[in-house]
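Q: this one's sequence-less:
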């Protein structure tokens, strides 16, 4: 059990005595190697281990237990076993005596002689042992006076401290008869010290135990009542009553003091709060200043309200003076707020806050109204400034343009691209809309807040009687303001983009709205959708803001007008573009799969139209909520249809122009000349190409475009389709006619002369040798035409051939019919040639051709059998001779070989 | 009581530390007892220490009663003084007042003990704080000479002269006791009995 170290030994305690619960520091040797090593601590035989706090092997702190008397401090450790103590601790209980204050009800039978209540002899008390009022210890030796002796000397007195007939001399004789005078003097000093300590006691004890004392008083009173009721021993009761009354008055006295103190405390508190109040006032000017600097406007206002309610009607001069100063500060504060309110840079929330501040400070006038008005002016001036700036810049450009008249505006814009990439008007619209969108919502919200009564002025300021009327007036005025503002905005836009829509406005008014340098349309169509987008944004913003009435209508009208304008402009632009397409013709033929060759042109045309449509898509088709359908208005719808039709027809004009009066050779690039110059100027070929293009456009491009337009919501497109197709048909006819004329005229024209070459006469002709060369020439010519058409557009062959054949047949029929008489051989010859031609024509035979042949045959005299044989023979001869040439007039399966 | 329980040497020298509050009585005591210097100040009420020491080759026990310097406890001092056999009257050389108070302590001791030759040592503590000295060594020595006692300067912090004061005092006590036993004076005897009795009772 005992380890390497020695047994614990306690050599010091601090303090060495005390009541239970004293905190004691124990020092010594081998008090354990750690906290867990300590397993036992007994002070005066009481285990105190629980409270022990191991500090080191030489120091432990603990609390004493209820041990009484002197005893050892014994420590037990695991390592050292049970230890010993060289010193002892003295535990004692604090005895509450009659002269010591206590907060608890104590059993007085221990300390107070109980003979008063019951008349029984009291057991001898020994307060002396515990109580040594002089602080002198009993000198145990020397003479001692007995109680009897003392009674003899002082018959009426007693040595008991707690009795009324206490005699100090008795006490001294009894207890300190052998003490020296110095001792007694020291004792007196001690007693005085004690007394002075005690004199503070009761107050403290009453203070901290008011309820207990009151209880005491109550129970005393109850006791008295009970005793009186019982009325057992009247005489005794009276003395009790007297005592009780005394006790009561004494308690009352104590209590009075407490109450008095409480009153005093209350009055002090009141005085303090009054001071606080006044201090608040005196600090006010400074606080206002400081809080303004800090931006705590709310605090300033609250403080001011408080001061106002407290001191507004004060009669005290000093307060008046300070209050005036406060008022002055508040006035300057108001002015500052007011100035701030009119600052255009602050936001809506800030404005609202400032207005509320001003209202709560009862600033004269109507700050909200002023703010609104000010803001209106601000926006208007901003709009004006914007307008003026852009017009000025626009003028610059305009003059610059005028100066360089030789150049086109587009070039200038291109050259000056660094600055004027975007047209000035478009920039203007952008900026104007930006200003509007930035400022208007705040203005409107402020206005709304105003007429919804957020900023209603306090009733006290005398506005009340006419407030409703006044408010109505204001509200209507606000609407007027808004209308005016929006009107100005729209007017500016109109002046810039749609000047024609302002024609009914007076000149002076027009001047104000801004005179743009050129009235002519200098915003290219491409920019218009951009403008429309801006205007529409503003419309939708206004709508989102819940602005109704005329203001919204104005903007909506503007948007609608602009859309229409945009659509018309773009369509017109497209028409112009299409008309200018002939410049782009390269005559390079591309072969399609069905209709044969066509040039790039129809594709370009389609592209222009589709581009325009897609450009317009956003403007025309997409309707923002609340916007009217663009085609809902009849005139617009009509015009749109007309423009669409014109657009579609424009290409026909273009092609016609190309066919009949081709532009002078303007293609600047060298390589294109070398490739295309050969075919460029041959009209027949151009005609064929255009014919092909026309067909292509009619069959494919136009329906496609119409479909697209329909898809985008353009109305009455069927009508347009019809009209357009009509146009193209006409063009087709025209081209066809021209081409046929172009081709047939030389063939037919040479037929008759060639037929009668070298004095040929049907009557006198004798030397029949076969089909004559004139017919062969005709056939060759026809083949040429066939080849030409086939090379460009095989689809046209039938149509062209028919016409050509018809013409040839007609001519031959006419010539035959004109012959007055046929010789026998001549008839055979005629028959042969007719037959030969018939065999060629068979593929393209029409009614007309058949009729021609019939008429021609009718004119011929009937042939003999011999003659018929000869015709057959010569015909087969011709067919075999011209086999290759004739192949192109045979049916499809081998025609392609030619 | 304690003697009976613990087999300690029979000879016990009872030393009492007196002096104003904060002069370093407890610090001297703890330095002597446990070789430790306590920096933080905590007013003492009444602490008791006892340890075995070898005094000039003889094993004895020294019992130290460390008293309260504060005036609040002045009243209970008498009781303590009665059982003291020797006194270390401590003051701080950095505090003139504490030096002045030594006269009161001396007077009280002589009154209680009623013995001019009671073993007594005047101790000027905090000699390490020489810079703050208020009481010159001459002044203190003069007073000691007046009282016919020795004056020693100590430092509880550096342990300078700590052992010296306790052992010097013990030697004085021992010589007093030897003288007393030789004389076998009844008064002395009585006095001793009385004081012993009081200690036990209290």
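A: Right, received. Where do you want to start? Remember, it's a predicted structure, so these values are computed and weren't measured experimentally.

Q: which other residues reach the helix ranked longest in chain B?
A: Longest helix of chain B, by residue count under DSSP state H: helix B:162-183. Residues outside helix B:162-183 that contact it (CB atoms under 8 Å, 6 or more residues apart in numbering or on different chains) are B:11, B:13-15, B:28, B:31-32, B:53, B:55-56, B:60, B:62, B:64, B:85-88, B:117-119, B:121, B:123, B:150, B:152, B:154-156, B:188, B:192. All C-beta atoms are positioned from the backbone trio N, CA, C, and that covers glycine.

Q: quick one: the strands in chain B?
A: Here chain B has its strands, by DSSP state E, at B:12-19, B:46-55, B:58-67, B:86-92, B:120-125, B:150-153.

Q: Between strand B:58-67 and the longest helix of chain B, find me the angle.
A: Angle of helix B:162-183 versus strand B:58-67, following axes from the mean of the first three to the mean of the last three CA atoms, to 10 degrees, is 110 degrees.

Q: Quick one: closest of the strands of chain B to residue A:858.
A: Across these, residue A:858 has its closest neighbour in strand B:46-55 (168.2 Å, CB to CB).

Q: what about the nearest residue to residue B:111 once chain neighbours are set aside, neighbour count?
A: Spatially, and ignoring its direct neighbours in sequence, residue B:111 is nearest to residue A:182 (6.3 Å; CB to CB, 6 or more residues apart in numbering or on different chains). Residue A:182 has 10 neighbouring residues, counting by other CB atoms under 10 Å in any protein chain shown.

Q: returning to what we had before: redo the strands of chain B as a markdown table? Include mean neighbour count and mean pLDDT.
A: As requested, the strands of chain B are exported to a markdown table (neighbours: other CB atoms under 10 Å in any protein chain shown; pLDDT from 0 to 100):
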| stretch | mean neighbour count | mean pLDDT |
| --- | --- | --- |
| strand B:12-19 | 23 | 93 |
| strand B:46-55 | 19 | 90 |
| strand B:58-67 | 21 | 91 |
| strand B:86-92 | 26 | 94 |
| strand B:120-125 | 27 | 94 |
| strand B:150-153 | 19 | 94 |
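
Q: can you tell which of these is closest to chain A?
A: Chain A lies closest to strand B:46-55 among the strands of chain B, at 3.6 Å (CB to the nearest CB).

Q: The closest one and chain A, are they touching?
A: Yes. Judged by CB under 8 Å from any CB of the partner chain, strand B:46-55 and chain A are in contact via B:46-52.

Q: which is the next helix or strand following the lengthiest helix in chain A?
A: Longest helix of chain A, by residue count under DSSP H: helix A:234-294. Proceeding N to C from helix A:234-294, the next assigned helix or strand is helix A:297-311, under DSSP states H and E.

Q: State the next helix or strand along the chain beyond that next one.
A: Downstream of helix A:297-311, the first helix or strand assigned by DSSP H and E is helix A:317-341.

Q: contacting residues for the nearest residue to residue B:154 once chain neighbours are set aside?
A: Excluding the flanking residues, the one nearest residue B:154 by CB to CB, 6+ apart is residue B:161, at 4.3 Å. By CB under 8 Å, 6+ apart, the contact list for residue B:161 reads B:127, B:152-155.

Q: can you redo these as JSON lines with distance to residue A:340?
A: Output for the contacts of residue B:161, formatted as JSON lines (distance: CB to CB, whole Å):
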{"residue": "B:127", "distance to residue A:340": "74"}
{"residue": "B:152", "distance to residue A:340": "82"}
{"residue": "B:153", "distance to residue A:340": "78"}
{"residue": "B:154", "distance to residue A:340": "77"}
{"residue": "B:155", "distance to residue A:340": "73"}
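
Q: And those, which is closest to residue A:837?
A: Of the contacts of residue B:161, the one sitting nearest to residue A:837 (CB to CB) turns out to be residue B:155, at 156.5 Å.

Q: Is it correct that that closest one is in contact with residue B:126?
A: Yes. Using CB atoms under 8 Å, residue B:155 is in contact with residue B:126, at 6.4 Å.

Q: residues from the stretch 701-850 of chain A in reach of chain B?
A: Counting by CB under 8 Å from any CB, no residue of the stretch 701-850 of chain A is near chain B.

Q: how about the helices in the stretch 701-850 of chain A?
A: A:702-711, A:717-755, A:773-792, A:797-818, A:824-841, A:847-859 (DSSP state H, counting those that start in this stretch).

Q: again, but for the stretch 501-650 of chain A
A: A:507-513, A:528-544, A:550-579, A:601-616, A:634-660.

Q: give me the element the residue nearest to residue B:111 is part of.
A: Residue A:182 belongs to helix A:181-208, assigned by DSSP H and E.

Q: Against residue A:391, how distant is the closest residue to residue B:91 other than its chain neighbours?
A: Using CB to CB, 6+ apart and skipping the chain neighbours, the partner closest in space to residue B:91 is residue B:98 (4.1 Å). Per CB to CB, to the nearest Å, residue B:98 is found 100 Å from residue A:391.

Q: How about residue B:33?
A: 106 Å.

Q: Quick one: name the residues of chain A near chain B.
A: Residues of chain A lying near chain B (CB under 8 Å from any CB): A:11-18, A:27, A:58, A:70, A:72, A:84-88, A:90, A:135-137, A:140-141, A:182-183, A:186, A:190, A:193-194.

Q: Tell me how chain A divides into domains.
A: Annotated domains of chain A cover A:9-91, A:367-523, A:568-737, A:756-889 [automatic domain parsing].

Q: where does chain B dip in pLDDT?
A: B:1-9, B:72, B:74-75, B:184-202 (pLDDT under 70).
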